[in-house]
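Peer 1: Build me a structure from this.
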Amino acid sequence: MITINFIFSIGFRCNSPDFLGVNKIRNIAGPFDYLFVNIETAFEIISNNFDYFFNDIILINKNKNIIKNHYSTKPIDKKIIDFVNNKYIGYMSNNYNDTDLIVNQNFINNTPNNLYNWDKICIFHHHNIIKKSEYDKVYERVKIFKNIYKERKNDMCLFYLTQIVETRDFEMYKKKIYDLKTKYNINCYIIIIVCSDKFNDTYSFENNILYIVKKVKDYNYQYHHEHGTDNNLDFTKEFNTIKKIFNLELMSYNDIKSKFSTFLI
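Peer 2: Here you go, the predicted structure:
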């Protein structure tokens, strides 16, 4: 078994850090907790040493007709303006027309009205980093993450819980993730729970990546069920699979704070 002392969520959304919390392995908050962020964007941010994580931030609220630029001199991307001009914006069937969304516009290859369908995304959905107190809190998380990633890659793990994966070829999906890991030079362990209506439950550990497939209902079903939030499910079986591969001897919160927040990379 592989001993892991540090584990961090890297998205896609809130059910990822929730998984860590429910299973009592969220010993410290990470920079990607409670964001909308896809796996390639998280890899890119880590690879670039978080250089653009707080840059080019746009605050939008459709019903209040707000589109404001923060922490940037870059003009607001036309894609953002077009997004706000949609009649309806949201996530699956959840209406976000009256929600403050804090968007990093470095990660917006396309911007359909449904955030679920953005191909790259980094939105601070639960952290108003425009407020200094919230910015400082997330900045501290980034600092700790960077220090651990520099010093302790060998016993560090990133955890990702997918949206509903549409591909029918599991080998192709694994290759895509491995290619991204290689492209962005991600050198720690990775756990991915792959939620799919097309694959049966299985798992595979290759190239320091643990893939755990969970059979779920399709998008159309989940869109109309449980308030349109994908994969709000029980993951006990998947956690037991993780424990077959990894010995989760996580460093305590106090030890992490004392050892990894006192200097800045």
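Peer 1: Run through the strands of the chain in chain order.
Peer 2: Shown for the chain, the strands assigned by DSSP state E span residues 2-4, 6-9, 36-37, 57-61, 66-70, 90-91, 94-95, 101-104, 122-124, 156-164, 189-196, 202-206, 209-215, 246-248.
Peer 1: Let me see the residues that make contact with the third one.
Peer 2: To tie it back to what came earlier, the one meant is strand 36-37. With CB atoms under 8 Å, 6 or more residues apart in numbering as the test, strand 36-37 has contacts from 10-13, 45, 91, 115, 118, 121-123, 125. To be clear about C-beta, it is placed using only N, CA and C from the backbone, and glycine gets the same treatment.
Peer 1: and what of the second one?
Peer 2: Contacting residues not belonging to strand 6-9 are listed as 16-17, 19-20, 25-27, 30-33, 145, 148, 152, 155-161, 191, 248, 250-251, 256 [CB under 8 Å, 6+ apart].
Peer 1: what's the answer for stretch 61-69, then?
Peer 2: Contact partners of stretch 61-69, identified using CB under 8 Å, 6+ apart, comprise 56-60, 75-76, 80-81, 84, 86, 89, 96-101.
Peer 1: Please repeat the previous calculation with a cut-off of 10 Å.
Peer 2: By CB atoms under 10 Å, 6 or more residues apart in numbering, the surrounding residues in contact with stretch 61-69 are 56-60, 75-76, 80-81, 83-90, 95-103, 105, 113, 130.
Peer 1: coming back round to it: distance to Lys137, mean pLDDT and mean neighbour count added to the strands of the chain, as CSV?
Peer 2: Shown next, in CSV, are the strands of the chain (distance: least, CB to CB, whole Å; pLDDT from 0 to 100; neighbours: other CB atoms under 10 Å):
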stretch, distance to Lys137, mean pLDDT, mean neighbour count
strand 2-4, 25, 98, 16
strand 6-9, 16, 98, 26
strand 36-37, 17, 98, 25
strand 57-61, 15, 96, 20
strand 66-70, 16, 92, 14
strand 90-91, 23, 96, 18
strand 94-95, 25, 94, 14
strand 101-104, 14, 97, 24
strand 122-124, 11, 97, 24
strand 156-164, 21, 98, 23
strand 189-196, 25, 98, 23
strand 202-206, 34, 97, 14
strand 209-215, 30, 97, 20
strand 246-248, 25, 98, 17
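Peer 1: how far does stretch 245-253 stretch from start to finish?
Peer 2: When the termini of stretch 245-253 are compared using CA to CA, to the nearest Å, they are 23 Å apart.
Peer 1: same question but for stretch 8-22, I mixed them up
Peer 2: The first and last residues of stretch 8-22 sit 14 Å apart, counting by CA to CA.
Peer 1: Stretch 209-226 now?
Peer 2: Looking at stretch 209-226, the gap from its leading to its trailing residue is 31 Å under the measure CA to CA.
Peer 1: now swap in stretch 6-17 and tell me
Peer 2: For stretch 6-17, by CA to CA, the gap between its terminal residues amounts to 13 Å.
Peer 1: Just send the strands of the chain back as CSV, with distance to Glu134 too.
Peer 2: Formatted as CSV, those follow (distance: least, CB to CB, whole Å):
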stretch, distance to Glu134
strand 2-4, 29
strand 6-9, 18
strand 36-37, 16
strand 57-61, 12
strand 66-70, 12
strand 90-91, 21
strand 94-95, 22
strand 101-104, 9
strand 122-124, 8
strand 156-164, 23
strand 189-196, 28
strand 202-206, 37
strand 209-215, 32
strand 246-248, 29
